[in-house]
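Asker: Give me a model of this one.
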Amino acid sequence: MGFKCFRTSINWTRIFPTGEEEEPNEAGLAFYDRVFTCCKEHGIEPLVTISHYELPYALVQKYNGWEGRELIALFEKLCHVVFERYKDKVKYWLTFNEINAGTMPFGAVLSTGTVKGYSGPVNQVPDKPQERFQALHHQFVASARVIKYAHEHYPQFLMGNMICFVTSYALTCNPDDILANQAHMREMNWYCSDVQVRGEYPSYAKRLWEEKGITIKMEEGDLKDLKEGLIDFYTFSYYMSNCISVDPNAAKSDGNLIAGMKNPYLPASDWGWQIDPKGLRYSLNEIYDRYRIPLMVVENGLGAYDKIEEDGTVQDDYRIDYLRQHIEQMEEAVKDGVDLMGYTPWGCIDLVSASTGEMAKRYGFIFVEKYDDGTGSLARRKKKSFDWYKKVIATNGEDLS
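Answerer: Just a heads-up that it's a prediction; the model follows:
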């Protein structure tokens with residue numbers, strides 16, 4: 001396909017199965033040696049997320065995930081091992097995938113691991129903001145410490161964050177909607193990166209904590225750590241936008257992870273996510289104006305129902321249209337002055353959707369014959385979008401036809 005960059009992740013449990021072993025698992029380390037060597041042999045730059053929604057479950061059971069301060073040191077140990085092991089193979093690192101998931105209730109499952117003692121449906125996990133935001137503080141400190149360590153020991157590394165960026169607009173020009181959207185943007189999109197880029201909690205954090213009944217327990221040195229472990233570049237996922245309103249009767253969107261109000265000017269995906277390419281340009285401008293460090297879009301794609309035609313092809317023109325429109329808006333953002341260093345769509349191959357736990361919601365350029373009822377041979381075939389995106393890479397986005 002001609003990839004120049006491959007975003008992948010290191011699974012903590014491959015290296016330290018419970019998170020607390022004294023010595024790393026050599027078989028796990030050797031696995032990633034093979035992955036990164038293969039990338040390099042094909043001229044592909046690895047972009048590695050260190051913690052991507054895969055906290056060892058033993059740490060959930062023992063410490064309630066990241067609520068336990070003990071995880072800071074355990075994460076540092078993991079990073080020290082993988083930094084040294086792959087120092088000659090990996091240059092670009094992201095500490096936590098979509099770290100701001102911790103600001104939202106579902107983040108307790110995916111990100112912070114603050115679900116000790118719960119068994120049941122994901123959407124019914126009891127919401128405990130105190131635990132989530134305390135866990136986030138520990139992730140901030142852990143991230144900052146390993147970034148500082150990397151800067152001191154491996155100056156060739158570039159260290160980034162990763163945000164689930166869901167742009168929102170005020171549904172109306174009612175000032176109450178405007179203020180509600182500003183508060184939503186701060187909590188959802190800016191809170192985590194303000195800490196990771198600027199090295200301190202933002203001005204609005206104190207009120208946010210007070211209104212949610214949160215008390216952040218900090219230790220001496222935490223704020224100093226945050227200040228000394230600043231990221232070098234900012235990365236984010238972008239799939240959709242939402243609208244915010246104080247009107248309880250406003251029509252809601254059908255987005256299954258991050259719901260908002262319906263935007264009457266936008267179409268939606270099969271799963272109700274509102275398709276907003278211009279929102280990507282807007283987001284890139286807002287982020288870059290705020291932080292002035294290089295940006296990268298590391299997830300962007302369309303979850304859709306794909307089907308194999310009688311001739312064996314998968315005609316996913318809707319995916320091509322989605323990606324084309326978003327790439328066009330990235331070009332506009334670059335013209336606007338944004339320093340955009342790269343783009344990796346989600347994803348290269350069909351996989352189980354994180355938001356709904358199903359294969360039917362497909363994202364890839366490659367169709368995997370596996371279905372929600374468990375049937376399927378796992379055989380692979382190119383979708384129409386495969387050769388289209390191969391051409392996009394080869395022309396650096398000049399040919400989007």
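Asker: pLDDT below threshold where in the protein?
Answerer: Within the chain, the segments meeting pLDDT under 70 span 255-257.
Asker: What is the end-to-end distance of stretch 233-247?
Answerer: Using Cα to Cα, to the nearest Å, the end-to-end distance of stretch 233-247 comes out at 37 Å.
Asker: same thing with stretch 98-109?
Answerer: By Cα to Cα, one end of stretch 98-109 lies 13 Å from the other end.
Asker: show me where the stretch 301-401 of the chain has strands.
Answerer: 340-343, 366-368, 380-382 (DSSP state E, counting those that start in this stretch).
Asker: cool, and the stretch 101-250 of the chain?
Answerer: 158-164, 167-170, 233-237, 241-244.
Asker: Can you lay out those as CSV showing mean neighbour count and distance to residue 107?
Answerer: Every C-beta, even on glycine, is put in place using the N, C-alpha and C of the backbone. Formatted as CSV, the strands of the stretch 101-250 of the chain follow (neighbours: other Cβ atoms under 10 Å; distance: least, Cβ to Cβ, whole Å):
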stretch, mean neighbour count, distance to residue 107
strand 158-164, 24, 9
strand 167-170, 21, 17
strand 233-237, 23, 14
strand 241-244, 24, 17
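Asker: quick one: residue 281 is in a helix?
Answerer: Yes: assessed with DSSP: H, G, I helix; E, B strand; the rest coil, residue 281 lies in a helix.
Asker: related to what we said a few turns ago, can you check which of the strands of the stretch 101-250 of the chain gets nearest to residue 116?
Answerer: Nearest of the strands of the stretch 101-250 of the chain to residue 116, taken as Cβ to Cβ: strand 158-164 at 23.5 Å.
Asker: Could you give the separation of that closest one from the chain centroid?
Answerer: 8 Å (Cα atoms, centre = their mean, to the nearest Å).
Asker: what's the neighbour count on the closest residue to residue 217 other than its chain neighbours?
Answerer: Closest residue to residue 217 apart from its sequence neighbours, by Cβ to Cβ, 6 or more residues apart in numbering: residue 134 at 6.4 Å. As a burial measure, residue 134 scores 24 neighbours (other Cβ atoms under 10 Å).
Asker: so residue 134 makes contact with residue 65?
Answerer: No: using Cβ atoms under 8 Å, residue 134 is not in contact with residue 65; the gap is 10.5 Å.
Asker: that older thread, can I get the strands of the stretch 301-401 of the chain in a markdown table with mean neighbour count and distance to residue 250?
Answerer: Shown next, in a markdown table, are the strands of the stretch 301-401 of the chain (neighbours: other Cβ under 10 Å; distance: least, Cβ to Cβ, whole Å):
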| stretch | mean neighbour count | distance to residue 250 |
| --- | --- | --- |
| strand 340-343 | 17 | 33 |
| strand 366-368 | 19 | 38 |
| strand 380-382 | 14 | 42 |
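Asker: can you redo these as a markdown table with distance to residue 14?
Answerer: What follows is these, written out as a markdown table (distance: least, Cβ to Cβ, whole Å):
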| stretch | distance to residue 14 |
| --- | --- |
| strand 340-343 | 26 |
| strand 366-368 | 22 |
| strand 380-382 | 24 |
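Asker: To residue 109, which of those strands lies closest?
Answerer: For the strands of the stretch 301-401 of the chain, proximity to residue 109 was assessed by Cβ to Cβ; strand 366-368 is nearest, at 24.5 Å.
Asker: Pairing partners for that closest one, with directions?
Answerer: Paired strands of strand 366-368, with direction, are strand 380-382 (antiparallel) (DSSP bridges).
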